[in-house]
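*Asks:* Provided below are the primary sequence and the corresponding predicted coordinates.
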Amino acid sequence: MIKIKELTPIYKGGPFHKDFRELINYAAKTYGSDKAFTLKHKKGKEVSYETISFTDFRDQINMLGTGMMKMDLAGKRVAIIGKNSYSWILSYFAVLCGVGICVPLDKGLPYDEAESSLARSRADVLIFDHEHADLVRQLKASGTTSVSKYICMTAEDEWAYCLPAIMEDGRKALADGFDAYLKAPIDGEGMTIILFTSGTTSMSKAVMLSQQNITSNIYAMEQTEDIRRGDVNMAFLPYHHTFGSTGQVLMLARGVSTAYCDGLKYLQKNIVEYKVSIFVCVPLLIEAIYKKILASAAKQGKTEKLEKGIRLSRFLLKLGIDVRRRLFKDVLEQLGGNLRYVISGASAIDPAALQGFNDLGITAVQGFGLTEASPVLSAENSKQHKNGSIGLAMFGVDLRIIDENEDGIGELIARGPNIMLGYYENEEETAKILEGGWLHTGDLASVDEDGYLFIRGRKKNVIVLKNGKNIYPEELEILISNLPYVTENMVYGEPRHKDGDHKDLAICAKIVYDPEYMKEHFGAEDQESIEKVIKADLDKINEELPTYKHILRLNATDKPMIKTTTGKVKRFEEIKNS
């Protein structure tokens, strides 16, 4: 068993908060009139902006929570479905600061899964945005769930309450001295959140989290990550996922202002518009932004100049001289000029993309975690990082590697205050994953000579060849992702012969390519020409690999893969459809 060393606390964070109410009261008292949220309002061609301070946010939480109390919702289970918005996070805090149990739902759920999640969580109330009105109307008509009250975030209808109206009722009740919500007891150690996992390979599990699971993770991140009061954050990751919601709570605890993205195609424009300085997102997005920077340099004939600048800045850094943000000012202006800190998580990232951002003067680090850990288990920071690594154990978290093979690769297990209470009404699965009090992540990892942790792949994804050799597909996927025309890819094993030995596998790569890049740079438009380009590049990758790791088959397409809302490929669905 190998113990992973812990991140060293290097920043002065706030106090440990025993629950969400304590955290938001601290934020309101400490940051007061500072900007907590910037909301964009569009009316035709007119655009206006609204500012919500930390005090405003605390007060509106109390209004909404009080209004919900007046509706006799104390102790109820409240589900929330919708895209990231101020109303979403306001609802989340209102429920957790005194109403009852919150059940965040994936905004991309099809009807059957939404119905199942509501039924399995025994939700009493459903808060939804306008975009989900038709889905919710259908759910209400079915009568198959325990939901008895429906609340729309924007408009009132004959079948649904209106969130702003509930807030107004709460405001009046508070003014009249009604303080039941403000005094409602909160069990920081009990289950107050039921969160469904992404379900990339099987039916999603309902994870039970306490508020202290999350606040302990936030406390650790405050001590180890360089997040500053006055930073501007873009809330891009979906709130229904722990990486998105815990990240947002962290921003509030640190006095960071948050803005919302108008949509994926407007991301870069919004980063410039709001002068975003800190960005938490998934690898797919970071890699896409980095490739776009390189493509822009190539289009302007500045690739050689960029590469020379990087070599110069790396040399000067060794002498303790940092000129990166001045040297690459023009490149940084494409991202608003203020972006300084990028955190990647949810899946493995191409080390070249992280190194690329750091070369430009933007600190880029990655972390590792899962829903069951609220979510972060390990991370890098501005002082402790190594390219390709997922860093060190989070402050206060015990990480170990067990059952190592001859290469030092084994399963990563975890123990700490952030580990879930268990799976809701699923003792059998809980016992499997929380064996002996340790969370068994299902991820394979190794440690280098400096104690840094490296994820090698998912235990269930390992390709075992007939000769006994193990292939970790994620390692090959990172090599393939370096190809400039690759938007996403997946490596898997498939039988060499249709009716042969099912253990005699060939390594296959499914590659999603950018057709515009293929046409512009290779003049390749038909499938045969495109596959010829890709196969030539795979041959070059194979030259650097031992024979047993060679990628022998190709499945090339321009159609995106099936993914979860956090960008994880639903691997087994893709393999089944390939």
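*Replies:* That came through fine. Residues are numbered from 1 along each chain as shown.

*Asks:* where in the protein is pLDDT low?
*Replies:* 198-203, 498-503, 565-567, 578 (pLDDT under 70).

*Asks:* What are the structural domain limits within it?
*Replies:* For the chain, the structural domains run 20-185, 278-459, 462-577, going by automatic domain parsing.

*Asks:* Which among the ones you listed is found nearest to G255?
*Replies:* Closest of those to G255 is domain 20-185, at 4.3 Å (criterion: CB to CB). Glycine gets a C-beta too; all of them are placed from N, C-alpha and C.

*Asks:* ends of the closest one, how far apart?
*Replies:* 12 Å (CA to CA, to the nearest Å).

*Asks:* Please give me every residue in contact with R326.
*Replies:* For R326, the contact set (CB atoms under 8 Å, 6 or more residues apart in numbering) is empty.

*Asks:* For G361, see how far away it is.
*Replies:* Remark: distance between R326 and G361 (CB to CB, to the nearest Å) = 8 Å.

*Asks:* L412 too?
*Replies:* L412 is 32 Å from G361, by CB to CB.

*Asks:* Give me the more crowded residue out of those two.
*Replies:* More crowded of L412 and G361, by other CB atoms under 10 Å: L412, with 26 against 19.

*Asks:* Pull the number of nearby residues for K329.
*Replies:* 12.

*Asks:* give the contact list for the closest residue in space to it that isn't next to it in sequence.
*Replies:* Spatial nearest neighbour of K329, excluding adjacent residues (CB to CB, 6 or more residues apart in numbering): G337 at 7.6 Å. Residues near G337 by CB under 8 Å, 6+ apart: V272, K275, K329.

*Asks:* V95 too?
*Replies:* G65, M68, V78, I80, I101, C102.

*Asks:* What is the three-state secondary structure of it?
*Replies:* helix (DSSP: H, G, I helix; E, B strand; the rest coil).

*Asks:* Pull up the gap between it and R58, please.
*Replies:* Shown here: V95 relative to R58, a distance of 15 Å by CB to CB.

*Asks:* Can I get the contacts of V95 in TSV including secondary structure, distance to F20 and neighbour count?
*Replies:* Output for these, formatted as TSV (DSSP: H, G, I helix; E, B strand; the rest coil; distance: CB to CB, whole Å; neighbours: other CB atoms under 10 Å):
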residue	secondary structure	distance to F20	neighbour count
G65	helix	11	30
M68	helix	15	30
V78	strand	14	25
I80	strand	14	25
I101	strand	13	21
C102	strand	10	26
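
*Asks:* ok, of these, which one's closest to V447?
*Replies:* Nearest to V447 out of the contacts of V95 is C102 (CB to CB; 36.7 Å).

*Asks:* hey, what's that closest one bridged with?
*Replies:* Beta-bridge pairing of C102 under DSSP bridges involves V78, I193.

*Asks:* Next, the contact list for it, please.
*Replies:* By CB under 8 Å, 6+ apart, the contact list for C102 reads R77, V78, A79, I80, Y92, V95, L96, T192, I193, I194.

*Asks:* Distance of the nearest residue to the fourth one once chain neighbours are set aside relative to A524?
*Replies:* The one in question is I80. Once flanking residues are discounted, I80 sits nearest to I127: 4.8 Å by CB to CB, 6+ apart. Going from I127 to A524 by CB to CB gives 49 Å.

*Asks:* what about these two, which has more around it?
*Replies:* Counted by other CB under 10 Å, I127 and A524 do not tie: I127 has more neighbours, with 32 against 20.

*Asks:* Which other helices and strands does the strand or helix carrying that one contact?
*Replies:* Taking DSSP states H and E as the definition, I127 sits inside strand 125-128. If you count contacts as 3 or more CB pairs under 8 Å, 6 or more residues apart in numbering; DSSP states H and E, strand 125-128 packs onto strand 77-81, helix 133-142, strand 149-152.

*Asks:* Just say which of the ones you listed is most tucked in.
*Replies:* Of all the helices and strands packed on strand 125-128, strand 77-81 carries the top mean neighbour count, a mean of 25, counting by mean count of other CB atoms under 10 Å.

*Asks:* Residues touching that one, excluding its own?
*Replies:* So strand 77-81 is in contact with 68, 88, 91-92, 95, 99-107, 109, 114, 117-118, 121-129, 132, 135-136, 147, 194, 239-240, going by CB under 8 Å, 6+ apart.

*Asks:* again, only this time at 7 Å
*Replies:* Contacts with strand 77-81, where a contact means CB atoms under 7 Å, 6 or more residues apart in numbering, come from 88, 91-92, 95, 99-105, 107, 118, 121-128, 132.

*Asks:* Show me the residue at the heart of the protein, geometrically.
*Replies:* F243 (4.2 Å; CA atoms, centre = their mean).

*Asks:* Please enumerate the strands of the stretch 451-578 of the chain.
*Replies:* Secondary structure of the stretch 451-578 of the chain, counting by DSSP state E, counting those that start in this stretch: strands at 453-458, 463-464, 470-471, 486-495, 505-513, 551-557.

*Asks:* would you list the ones you listed in TSV and tack on mean neighbour count and distance to E50?
*Replies:* Converted to TSV, the strands of the stretch 451-578 of the chain look like this (neighbours: other CB atoms under 10 Å; distance: least, CB to CB, whole Å):
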stretch	mean neighbour count	distance to E50
strand 453-458	21	41
strand 463-464	16	52
strand 470-471	18	52
strand 486-495	20	36
strand 505-513	21	39
strand 551-557	16	43
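
*Asks:* Could you export those strands as TSV, including distance to V447?
*Replies:* Supplementary listing: the strands of the stretch 451-578 of the chain in TSV, determined by distance: least, CB to CB, whole Å:
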stretch	distance to V447
strand 453-458	6
strand 463-464	23
strand 470-471	18
strand 486-495	24
strand 505-513	26
strand 551-557	28
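
*Asks:* that older thread, please name whichever of the domains of the chain is nearest to L252.
*Replies:* Of the domains of the chain, nearest to L252 by CB to CB is domain 20-185, at 5.2 Å.

*Asks:* so what's the residue of the chain most remote from its centre up against?
*Replies:* Largest separation from the mean C-alpha position in the chain: D176, at 41.7 Å (CA atoms, centre = their mean). Listed by CB under 7 Å, 6+ apart, D176 has no contact partners.

*Asks:* Beta-bridge partners for D398, please?
*Replies:* Bridge pairing for D398 - DSSP bridges - gives R415.

*Asks:* That one is in contact with G416, isn't it?
*Replies:* Yes. Look at D398 against G416 with CB atoms under 7 Å: they come within range, at 5.9 Å.

*Asks:* Going by how many neighbours each has, rank these two and give me the top one.
*Replies:* The neighbour comparison of D398 against G416 (other CB under 10 Å) goes to G416, with 21 against 16.

*Asks:* any chance you could map the strands in the stretch 251-400 of the chain?
*Replies:* Residue ranges of the strands in the stretch 251-400 of the chain, as given by DSSP E, counting those that start in this stretch, are 257-260, 278-281, 341-344, 363-369, 376-379, 392-393, 398-402.
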